[in-house]
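Colleague: Take this sequence and fold it.
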Amino acid sequence: MANYNLTVGNDVLIGTEGADNFYGVNSGVTGGTDTLNGGGGDDSFYVGHLAAGTVNGGSGIDTVFIYGGLGTVTYTNVEILSVTEFYVLSGSVSQFASFGRIVDSTDPLRQIPIYLAGAGGTVDFSGRLTGSQSINLTGSDATSGVVITGTANGDELRGSKFNDVLNGGGGADWIGAGDGNDTLNGGDGNDTLSTGGFGADTLNGDAGNDTLSAYNGLANTLNGGAGNDLFLIFGNSGTVDGGAGTDTVKGSDFGNTTFTNVEVLNIDAGHIFAKIPQLASFAAIVNLPVFGTQITFVLDGDGGVLDFSTRVTGTRSVYATGQDVISGITITGTLNGDRLEGSEFNDTLNGGGGDDTLDGGGGDDTLDGGDGADTLYGGGSDVLRGGAGDDRFIILDNTAATIDGGAGKDTIVVTSALGSLTFSNVEVLEIENGYVFASLAHINAFNTIFSTIYPNTVILFNLVGAGGTVDFSDRLTGECAASVDGQNLSSGYKVVGTVNNDFFIGSSFDDVLNGGGGADELVGGFGNDIYYLDNSADVIVEAAGGGTDTARSFVNWTLANNVERLELQGTGNLNGTGNTLNNTLVGNAGNNVLNGGAGNDYMMGGAGNDIFVVAAARDRTVENASGGTDTIRSYINWTLGANVERLELQGTGNLNGAGNSLNNTLVGNVGNNLLNGGAGNDYMVGGAGNDIFVVASTEDRTVENAGGGIDTVRSYIDWTLGGNVERLELQGTGNLNGAGNTANNTLVGNVGNNLLNGGAGNDYMVGGAGNDIFMFDTALGASNVDTVADFNVAADTIRLENAIFSTIAGSGTLTAAQFASNASGTAQDASDRIIYETDTGKLIYDSNGSAAGGAFHFGTLASGLAITNADFFMV
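Modeller: Model (predicted):
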């Protein structure tokens, strides 16, 4: 046994046949090119690390103790390489292959760091390291590809820049490819394999629960082998085969990777870029809780069919967008709230359970929300089905989509036009702007309509298509009013407004515009329109020549220009007024005032106590029997129509008023009126002018106020003048009696035999034709002297009441002794009582004959009459 020391020069040292020791300078780097030959025996070379040369161990079990790199030394017949702790062992493949064993002399459990340099090749460390020792090998400085086999323990192997084969062997190895097209074989154990930078690598996990990673985006091949393997994929474009076991893929970008025999996708970044066939290859899809409950899928490549309902379980949901795919897709969501977005092609999206959001994108798509309160976006010729729950359909303007809301309270949301949309089972229309183009059929399909940005103002409805009926009163919410334009309709429509201030424009056809509550503005078109009014602030606008239009009002109403007909509604007491046209005014069941205004108007009263105001000779009033007690207020001569009870003459003109067969009341104005009650028991009030009353019933009544003009009664029956009436004219040919009142009356008989009694006052009586009787039966005095203007001696008689002419005894014809006729007008003897003064025509009653005093002037006849006692009759 000998000890040898190396110098810094070129040493040549040859050992003995014994166990020799060769020492470098301070166990450091020796200089020069050394040649060491151990000879026989178990030799030990403590060389640190040599620069160059050869080491021949010779015979025996020889050991090289190294503290760094193996340099460019050639080792032969050296059985053991001993590495000292804290040093990285560097060398070439051929150098490591020259040793039978490699040990760590200071820590038998340490993983030995090995750094390959120089030419590549093959080296198997599985038999060179024993026990628990493993290697941490880096081949980045190898000048060609390497084939490395690790130990039975957990090694770390890193490839070179060339095409390598790295075999993990036993144990839980970590193997990383280099830049070449490498093959990594995990072997036994739970290994971790990773692709390199620039090569298309093949990773074989082999037995155990391995982890295989592909990060370089190239066409790598990953085979899991037996066991429950994990694949970490980021942009790979090769293949992944999970092999046996339950295998899992993690990643966020699958590139063009093809997956087989991989059961679980675990998305550890909350989102993933993938293709539908890739996702469809997994039986389950999960993600880590730290990324929330919704997983995002950005789909690309070819379309296809993907069902998340069995793949994503628990509380997880998905957000899948197909905007980058190149053909149509069919996607079914989870049982939770998903967001599914289609492509530019024809897609089918099924939300499944939960509150889903489905957006078909371009193309003619089919969207099915399933259960839950879903939101579906549609356009084109999409088919959208809400399913159960309160769903929302967000629709592009002017689409031809088909919608079935299904169960629940569903909503269609549009910007401004429903177009040719077809839908059913949808209750709510939400308008994003303040206006919408829609058909009446569309609007009627909704129970509720509101505006997103103008919830409490006005929604403008531009109606299109066919006319019909629509009622906004319970469709618009809050303070929202309706502004409806029907000018583009192809036929007339009927509309009912809200309780707010609505605005309606009619079509060119026959419309019915009902503003409802509020102060509404109703604009008619060219048809025969009907307006319903319930607010005195409502406004009707009608163009000239715009049809024959009708206002139906629940309030007092005056017809606007160019509206022809007014019909009062309900049972309230309402007033209706016409315009300058020939109007028709129709009352309701209440007490109405109907005033046609200018024009030849037609007025119908209805059931209440109605008042008609007439001003044209061709005005007409119509009342049904038992239609209340009705009144005409006339500014012209007027005769009451059937079933009208009262006439009131208006203004200051001299007007005539006539009754009908009813018991009428006729009231004059301040002018000179002629009031003729006609048949029936009539009540006539004259007013201020010189009025004439025509009476024909004993129950007729005339009323005049004091100072109310010089009034006349024309009577077809016996008549006594009422108060404040001055004149009586008996009519017809019948034998009639006429009596005055306390005023100074004029009584005029007819052609019949009349009895005229002036009563109190200085009366003037004209008997006319016939055998007339003039009655004097009131107290005598200067204020009660009557004049008989046409006394006919041959036919007429003066009748005296013996209670007034009390000194004339008896009754019957006055005796000759009791009568005197002379120019003096005085009694000629004691028996004279009635004296006719021939030159003046005075009639004098002398109560005591020729005695002094007792003479009263009670009447006046024409002078020069051949009056005799036979012309007087006592009663």
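
Colleague: quick one: the helices in the chain?
Modeller: Residue ranges of the helices in the chain, as given by DSSP state H, are 93-97, 276-280, 440-444.

Colleague: list the contacts for the closest residue to residue 564 other than its chain neighbours?
Modeller: Of all residues not flanking residue 564 in the chain, residue 548 sits nearest, at 5.0 Å (CB to CB, 6 or more residues apart in numbering). For the C-beta atoms, the positions are set from N, CA and C on the backbone; glycine is no exception. Neighbour list for residue 548: 528, 564-565 [criterion: CB atoms under 8 Å, 6 or more residues apart in numbering].

Colleague: Can you check the pLDDT for the nearest residue to residue 655 once chain neighbours are set aside?
Modeller: Spatial nearest neighbour of residue 655, excluding adjacent residues (CB to CB, 6+ apart): residue 649 at 4.5 Å. pLDDT recorded at residue 649 is 96.

Colleague: Name the residues linked to residue 649 by a beta bridge.
Modeller: residue 634 (DSSP bridges).

Colleague: Domains in the protein, by residue range?
Modeller: Domain assignment for the chain, taken from automatic domain parsing, gives 263-426, 804-875.

Colleague: Determine which stretch of those domains is the most buried.
Modeller: domain 263-426 (a mean of 21; mean count of other CB atoms under 10 Å).

Colleague: For residue 524, see how far away the residue nearest to residue 564 is.
Modeller: 11 Å (CB to CB, to the nearest Å).

Colleague: so what's residue 124 bridging to?
Modeller: On the basis of DSSP bridges, residue 124 takes part in beta bridges with residue 149.

Colleague: on that earlier part again, and the contacts of residue 548, which is closest to residue 519?
Modeller: Closest to residue 519 out of the contacts of residue 548 is residue 565 (22.3 Å), distances taken as CB to CB.

Colleague: Could you find the closest non-adjacent residue to the closest one?
Modeller: Nearest non-adjacent residue to residue 565 (CB to CB, 6+ apart): residue 550, at 4.0 Å.

Colleague: Identify the bridge partners of the one you found.
Modeller: Residue 550 forms beta bridges with residue 530, residue 565, as assigned by DSSP bridges.

Colleague: what sits against it?
Modeller: Applying CB under 8 Å, 6+ apart, we find residue 550 in contact with 528-531, 563-567.

Colleague: Select the longest strand from this structure.
Modeller: Criterion DSSP state E: the longest strand present in the chain is strand 44-56.

Colleague: so what secondary structure elements neighbour it?
Modeller: strand 21-23, strand 29-37, strand 63-66, strand 74-76 (3 or more CB pairs under 8 Å, 6 or more residues apart in numbering; DSSP states H and E).

Colleague: Kindly recompute the last result at 10 Å.
Modeller: The elements that strand 44-56 packs onto, with contact taken as 3 or more CB pairs under 10 Å, 6 or more residues apart in numbering; DSSP states H and E, are strand 3-5, strand 12-14, strand 21-23, strand 29-37, strand 63-66, strand 74-76, strand 80-83, strand 89-91.

Colleague: Format these as TSV; extra columns: distance to residue 687.
Modeller: Listed next are the helices and strands packed on strand 44-56 as TSV, based on distance: least, CB to CB, whole Å:
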stretch	distance to residue 687
strand 3-5	161
strand 12-14	163
strand 21-23	157
strand 29-37	148
strand 63-66	147
strand 74-76	151
strand 80-83	143
strand 89-91	139
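
Colleague: how about low-confidence regions in this structure?
Modeller: Within the chain, the segments meeting pLDDT under 70 span 25-31, 48-50, 68, 85-87, 288-293.

Colleague: any idea how far residue 644 is from the residue nearest to residue 564?
Modeller: Separation of residue 548 from residue 644 (CB to CB): 26 Å.

Colleague: And residue 60, by the same measure?
Modeller: Distance from residue 60 to residue 644, by CB to CB: 151 Å.

Colleague: now do residue 458
Modeller: 46 Å.

Colleague: Spit out the contact partners of residue 438.
Modeller: For residue 438, the contact set (CB atoms under 10 Å, 6 or more residues apart in numbering) comprises 414, 416-419, 421, 429, 431, 444-446, 449, 461-465, 470.

Colleague: how does it look with 7 Å?
Modeller: Contact analysis of residue 438 by CB atoms under 7 Å, 6 or more residues apart in numbering lists 418, 461, 463.

Colleague: Which strand residues bridge the second one?
Modeller: When you say that, I think you mean residue 461. Here residue 461 sits in beta bridges with residue 436, residue 484, as judged by DSSP bridges.

Colleague: burial measure for it, as a count.
Modeller: Neighbourhood size, residue 461 [other CB atoms under 10 Å]: 24.

Colleague: now the last one
Modeller: Applying other CB under 10 Å, we find 25 other residues in the vicinity of residue 463.

Colleague: Also the one 4 residues further on?
Modeller: Here the number of neighbours of residue 467 (other CB under 10 Å) works out to 21.

Colleague: looking at it, it is touching residue 488, isn't it?
Modeller: No - the pair residue 467 / residue 488 is not scored as a contact, 10.6 Å apart, by CB atoms under 7 Å.

Colleague: what residue lies at the spatial centre of the protein?
Modeller: residue 449 (1.5 Å; CA atoms, centre = their mean).

Colleague: what sits against that one?
Modeller: 429, 459, 475-476.

Colleague: List the beta-bridge partners for it.
Modeller: residue 429, residue 476.

Colleague: Report the contact partners of the nearest residue to residue 216 once chain neighbours are set aside.
Modeller: The shortest distance from residue 216 to any non-neighbouring residue, by CB to CB, 6+ apart, is to residue 195 (5.1 Å). Going by CB under 7 Å, 6+ apart, residue 195 touches 177, 201, 203, 213-216, 220.

Colleague: can I get those residues in JSON lines with neighbour count and distance to residue 873?
Modeller: Conversion of these to JSON lines gives the following (neighbours: other CB atoms under 10 Å; distance: CB to CB, whole Å):
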{"residue": "177", "neighbour count": "31", "distance to residue 873": "160"}
{"residue": "201", "neighbour count": "33", "distance to residue 873": "158"}
{"residue": "203", "neighbour count": "32", "distance to residue 873": "157"}
{"residue": "213", "neighbour count": "22", "distance to residue 873": "152"}
{"residue": "214", "neighbour count": "30", "distance to residue 873": "150"}
{"residue": "215", "neighbour count": "16", "distance to residue 873": "151"}
{"residue": "216", "neighbour count": "21", "distance to residue 873": "153"}
{"residue": "220", "neighbour count": "30", "distance to residue 873": "153"}
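
Colleague: Next up, the contacts around the closest residue in space to residue 778 that isn't next to it in sequence.
Modeller: Nearest residue to residue 778, sequence neighbours excluded (CB to CB, 6+ apart): residue 760, at 5.0 Å. Listed by CB under 7 Å, 6+ apart, the contact partners of residue 760 are 742, 778, 784.
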